[in-house]
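Visitor: what follows is a predicted protein model with its sequence.
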Amino acid sequence: MHLPLLNDMLVLLSFSVMIVFVLQRLKLPSIIGFLITGVLIGPYGFSLVKAVEEVEILSEIGVILLLFVIGMELSIKQLISIKKTVFIGGFFQVGITVLVAAFVYYYLGNSWNEAVFVGFLFSLSSTAIVLKTLQDRQEISSAHARNALAILIFQDIIVVPMMLITPLMAGESSNIWLSISSLVIKTLVVLIITFVSARYIVPKLMHAVAKTNSKELFLLVTITLCFAVAFLTSEAGLSLALGAFIAGLIVSESEYSHQATSIILPFRELFTSFFFVSVGMLLDLSFFIKHIWVILSLVFVVFIVKSIIASLAVAILKYPPRTIILTGLSLFQVGEFAFILSKVGIDNQLLDVETNQYFLSISIVSMLLTPFVIIYSDAIANKLVGVSEKLGIQSNLLNVNNDEITIHENFENHLIIIGYGVNGSNLAKAATTSNIPFIVIEFDAEIVKRERAKGLPIIFGDATHDHILETVHIQNARAAVIAISDNQATKQVVKNIRKHSDSLYLVVRTRFVKEISELFALGADEVIPEEFETSVQIFTHVLHNFLVPEDDIDQIVEKVRADNYQLFKGELKKPTTFKPNNLVDFNITCVSMSADSNQFLGKPLKELNLRVEFGINILGIKRKEMLMQNIQPDDVLLQGDRVYIQGKQSNIEQFYKLVK
């Protein structure tokens, strides 16, 4: 039996394997490989695939599964937490983009209804590519990823009214208001069903299925839920992808969401690749080559304009500059739902064939560029923030309501907590209990407002900026803890802190062990990787279960931590300062005499007169494996000595700079 689709699938998969393999060797995103595959095997390339419509159907399944997994990795509570960004940020981004694009297209001599429709097309971004790229980079939980997701959700919702309004703008005689009213009612019904299912039905269903211990049944139920809700929303006039996202949210409320995600992932990867291939098939190579410079110029304009508009949409929500820029850079492309909308425009004669080819070329090129832009977005954001600081441009966002909290000029020997998530809030509670003075820096305005009302010493700001660090008197602080989820921002904060203080005790929380070495190199004293500490907790519980003595477990934990942490430290560790809580000016620091020549080596301590000249006392000297505690005036300091000194923080800082 001959199956034409089987031949096309073989061609598609074979080309994908070869191209993606080459790109992986070059350390380029696999998405690029799938898009290139589509261009080569599509009707405008070598025309190797005939069943284009069937491939498009498979690609729709890919988008459904992608949004389903995204929904499972979130929760309804998390979605509610970004409702402002969904509705305010999304409305601003779509609205302003439509206005700007429509104005330009109308100015070029087109009718107002054609101009507004083109504005609709360019206001939409690629949900599939943006979320897939952010997931691959493990940034889906970062602030800019949440903002991007929120705006993309609004775009997925607003595309339906756009499709309903398009025939009205074209002059078609249909009762559009009746359609909109029907859509609103159906949407409310879908939301009610979603809430009831997530709260009462699906958790019990998943529990009953899990009790059967049948992996096959669990898989079938999960897939059925995904496509059932997607079908329901499609019948309501909403998009399949939005329905799949809602289905994921429903499943996320059960305790079996992690298992459901794990069994769906392989299917998602396969079908999502079909989606990117199908997008590449749309590109007319002959048209693209003939008008390449015009297309690339338009892509550049779209990149600048959409990035700025998306950034402004986030800026009005009072996010810090770096998050604003990263969100804007994530949403510059034209998305897949614009392709569906463009077909409606062609049917209603609001889009001619040539304009549609320009639109398709700009869309696909912008999609091709998206992974590269997101990869380099951190460097771009850091550069733009740095330039604004050099020019003296300070964001008012960094000082929102900070006049409500008073930080005395003589505030010193305090703890600075950067980030008020789970780790930061627990540390603040411990500091409060121990009577340790502290101040928190947080860039979520809602958290700052809520916690300040409770009396917490917290300010709104981005710790990557020198001004914020100076505000909390970083130069007088005794210790700082960085507890934020953005790895690039963490690196920048470490560098900025070390510009102000070399001897401050700096603890950094990170997600992965692989990030430890760079953070130590930048100046962290301690780096606590969550993935490593999770593994420590796991084997600790297992050893407890096997009745291993508590002392033995403590020794194992200490050895494992020493082996893994010291492996990354080398000679990069900065001196650590300790001070008993009840002795305000009693600071103890260990300084390594690592330099081969300085003014203190080889001279008797009585000649150095350290107490008078530098305000410090030497408490002990560790030379190789011997600790000298009874220090005499005739003792000398040698290269390689580790010297334990006591004094004021400012004096310790001055001495450290002279010997390092």
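Guide: Sure, I can see it.
Visitor: going forward, measure contacts and count neighbours with C-alpha atoms only.
Guide: Fine.
Visitor: so for residue 311, what's the pLDDT?
Guide: At residue 311, the model reports a pLDDT of 92.
Visitor: give me the number of residues near it?
Guide: 26 (other CA atoms under 10 Å).
Visitor: can you tell me which residues contact it?
Guide: Residue 311 sits next to 324, 325, 326, 327, 328, 329 when contact means CA atoms under 8 Å, 6 or more residues apart in numbering.
Visitor: which element is it on?
Guide: Per DSSP states H and E, residue 311 falls inside helix 292-315.
Visitor: list the buried ones in that helix?
Guide: Within helix 292-315, the residues that count as buried by 16 or more other CA atoms under 10 Å are 292, 295-296, 298-299, 302-303, 305-315.
Visitor: one more: stretch 362-379?
Guide: So for stretch 362-379, counting by 16+ other CA under 10 Å, buried means 362-371, 373-375, 377-378.
Visitor: let me know the closest of these to residue 55.
Guide: Each of the buried residues of stretch 362-379 was scored against residue 55 by CA to CA, and residue 364 proved nearest at 17.3 Å.
Visitor: any idea whether residue 618 is helix, strand or coil?
Guide: Secondary structure state of residue 618, per DSSP: H, G, I helix; E, B strand; the rest coil, is strand.
Visitor: hmm, back to that, from the buried residues of stretch 362-379, pick the one nearest residue 519.
Guide: Taking the buried residues of stretch 362-379 together and measuring to residue 519 by CA to CA, the closest member is residue 378, at 16.3 Å.
Visitor: give me the element the closest one is part of.
Guide: Using DSSP H and E, residue 378 sits within helix 377-390.
Visitor: give the rounded mean pLDDT of that helix.
Guide: Throughout helix 377-390, pLDDT has a mean value of 76.
Visitor: next secondary structure after that helix?
Guide: Assigned by DSSP H and E, the successor of helix 377-390 is strand 415-418.
Visitor: average pLDDT for stretch 233-250, rounded please.
Guide: 77.
Visitor: buried residues, that stretch. List them.
Guide: Of the residues in stretch 233-250, those scored as buried under the neighbour-count criterion (16+ other CA under 10 Å) are 233-234, 236-250.
Visitor: before we move on, back to that, compare the contacts of residue 311 and tell me which has the most neighbours.
Guide: Of the contacts of residue 311, with other CA under 10 Å as the count, residue 327 tops at 30 neighbours.
Visitor: chain center to the helix or strand where that one lies, what's the gap?
Guide: According to DSSP H and E, residue 327 maps onto helix 321-330. The chain centre lies 10 Å from the centre of helix 321-330; the measure is CA atoms, centre = their mean, to the nearest Å.
Visitor: same check on stretch 441-454?
Guide: For stretch 441-454, the distance to the chain centre is 21 Å (CA atoms, centre = their mean).
Visitor: can you give me the buried ones in it?
Guide: 441, 442, 443, 444, 445, 447, 448.
Visitor: average pLDDT for it?
Guide: Averaging pLDDT residue by residue across stretch 441-454 gives 81.
Visitor: where does pLDDT dip in the stretch 451-600 of the chain?
Guide: 531-537, 539, 541, 544-552, 560-586, 594-598 (pLDDT under 70).
Visitor: show me where it has strands.
Guide: Along the stretch 451-600 of the chain, the stretches classed as strands by DSSP state E, counting those that start in this stretch are 458-460, 479-482, 505-510, 526-529, 577-578, 587-592.
Visitor: out of these, flag the one nearest residue 207.
Guide: Counting by CA to CA, residue 207 lies closest to strand 526-529 out of the strands of the stretch 451-600 of the chain; the figure is 33.3 Å.
Visitor: tell me the domain boundaries of the protein?
Guide: Annotated domains of the chain cover 60-387, 396-569, 584-659 [automatic domain parsing].
Visitor: residue 645 in helix, strand or coil?
Guide: strand.
Visitor: what is the neighbour count of the closest residue to it other than its chain neighbours?
Guide: In space, and not counting its chain neighbours, residue 645 is closest to residue 618: 4.5 Å by CA to CA, 6 or more residues apart in numbering. Neighbour count for residue 618, taken as other CA under 10 Å: 18.
Visitor: these two touch, right, residue 618 and residue 644?
Guide: Yes: Residue 618 is within contact range of residue 644, at 5.9 Å (criterion: CA atoms under 8 Å).
Visitor: what is the neighbour count of the residue nearest to residue 500 when sequence neighbours are not counted?
Guide: Take residue 500 and drop its neighbours on the chain: the residue closest to it by CA to CA, 6+ apart is residue 475, 5.7 Å away. With neighbours defined by other CA under 10 Å, the count for residue 475 comes to 21.
Visitor: okay, residue 475 and residue 656: tell me how far apart.
Guide: To residue 656, residue 475 is 14 Å away according to CA to CA, to the nearest Å.
Visitor: where exactly do the helices run in the stretch 51-200 of the chain?
Guide: 52-73, 76-81, 83-84, 90-107, 112-123, 127-136, 143-169, 176-196 (DSSP state H, counting those that start in this stretch).
Visitor: nearest to residue 493, out of those?
Guide: helix 143-169 (16.1 Å).
Visitor: residue 507 pairs with what?
Guide: Beta-bridge partners recorded for residue 507 (DSSP bridges): residue 481, residue 526.
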